[in-house]
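Chemist: I would like to see how this sequence folds:
(one chain, ligands or ions: 1)
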Amino acid sequence: MTIEPTHLARRGLMFVLSSPSGAGKSTIARQLLADDPQLQLSISVTTRERRASELEGVHYFFIDRSKFEKMAERGDLLEWAEVHGNFYGTPREPVEEALRTGRDVLFDIDWQGTEQLYEKLPQDLVRVFVLPPSMAELKARLERRAEDSEAAIARRLEGARAELEQWAKYDYVIVNDDLERAFASVKAILAAERRRRDRVLGLRPFVSSLLQDVQALTGAPVHSDSEKSAS
Ligand code: 5GP
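Modeler: Modelled structure (predicted):
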């Protein structure tokens, strides 16, 4: 039977975007999701207050501290962390289900959560860090958003230092000085990572079928060296 190269089965990947608040990662995340139906957002649980612009179950699941602790204790969270005085965590089940069925999951999480995902599932993880063009621009973006109190903005700027210091733990680092360019870069990274040899599960039988065809076409015996060296 001929195997269709365009339908090779693939394991899903976990695509993490991290940055200090205000560097533009949420905008890039939104654009990626709108652009790409194969990608689904991991919706975190958080103990933070809901902002006026946010919707339950769309941006986050807003839960109280005791429910958060129960989820963490039961192992229902793939990772969790305290960020700017609030707790955030990734529900485990939707991510595992997506990976099993070959869908990709986008995460807007901090460096602490990214480290935990790396410890658990390193081969499924792609880590992208978004840098602001300058700290003055980052502050201006936080103020323009005008959804957080002055104290919260100050806490986020303070937290930006700790987040920035983690940049070298990521696979890719993008400077968001131009949103269109930054988005194009992130999109290209996702496209390339999807095609990594070890993610494309159907390659081995596909190459075997090509080799069988060589034999059928030429009558020459198949050398299996290329198969062995690819494992
Ligand atoms: P914000 O309060 O602005 O929505 O998010 C604050 C920070 O928490 C952001 O850096 C965001 O990426 C991070 N964050 C959001 N959800 C999660 C999560 O589930 N786990 C971790 N570790 N960080 C998260």
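
Chemist: Count the residues that sit near the closest residue to Arg145 other than its chain neighbours.
Modeler: In space, and not counting its chain neighbours, Arg145 is closest to Gly22: 7.3 Å by CB to CB, 6 or more residues apart in numbering. To be clear about C-beta, it is placed using only N, CA and C from the backbone, and glycine gets the same treatment. By the criterion of other CB atoms under 10 Å, Gly22 has 24 neighbours.

Chemist: Quick check: phi and psi on Gly22?
Modeler: The phi/psi pair for Gly22 (degrees, to the nearest 10) reads phi 100, psi 0.

Chemist: show me the contacts for it.
Modeler: Pro132, Leu138, Lys139, Arg141, Leu142, Arg145, Arg156, Ala160 (CB atoms under 8 Å, 6 or more residues apart in numbering).

Chemist: List the contacts of Leu142.
Modeler: So Leu142 contacts Ser21, Gly22, Asp148, Ile153, Arg156, Leu157 (CB under 8 Å, 6+ apart).

Chemist: redo that, cut-off 10 Å
Modeler: Pro20, Ser21, Gly22, Ala23, Asp148, Ala152, Ile153, Ala154, Arg156, Leu157, Ala160 (CB atoms under 10 Å, 6 or more residues apart in numbering).

Chemist: now the residues you listed: which count as buried?
Modeler: Among the contacts of Leu142, the ones that count as buried by 16 or more other CB atoms under 10 Å are Pro20, Ser21, Gly22, Ala23, Asp148, Ala152, Ile153, Arg156, Leu157, Ala160.

Chemist: heading toward the C-terminus, what's the first helix or strand past whichever helix or strand Ala184 is part of?
Modeler: According to DSSP states H and E, Ala184 maps onto helix 179-194. Next helix or strand after helix 179-194 toward the C-terminus (DSSP H and E): helix 203-218.

Chemist: and that following helix, what does it pack onto?
Modeler: Under the contact criterion of 3 or more CB pairs under 10 Å, 6 or more residues apart in numbering; DSSP states H and E, helix 203-218 touches helix 225-229.

Chemist: Assess the claim that Val95 and Gly113 are in contact.
Modeler: No: in this structure, Val95 is not within contact of Gly113 by CB atoms under 10 Å, at 11.7 Å.

Chemist: quick one: common contacting residues for these two?
Modeler: Ser42, Leu78, Glu79, Phe107.

Chemist: residues touching the first one, list them.
Modeler: Think Ser42. 14-16, 78, 90-92, 94-95, 98, 105-109, 113, 117.

Chemist: Now narrow those to whatever sits close to the ligand.
Modeler: Thr90, Asp108, Ile109, Gly113 (CB under 6 Å from any ligand atom).

Chemist: Without its sequence neighbours, what residue ends up closest to the last one?
Modeler: This points to Gly113. Glu79 (4.3 Å).

Chemist: gap between the one you found and Ala9?
Modeler: Noted for Glu79: a distance of 27 Å to Ala9, by CB to CB, to the nearest Å.

Chemist: before we move on, what about Arg196?
Modeler: 14 Å.
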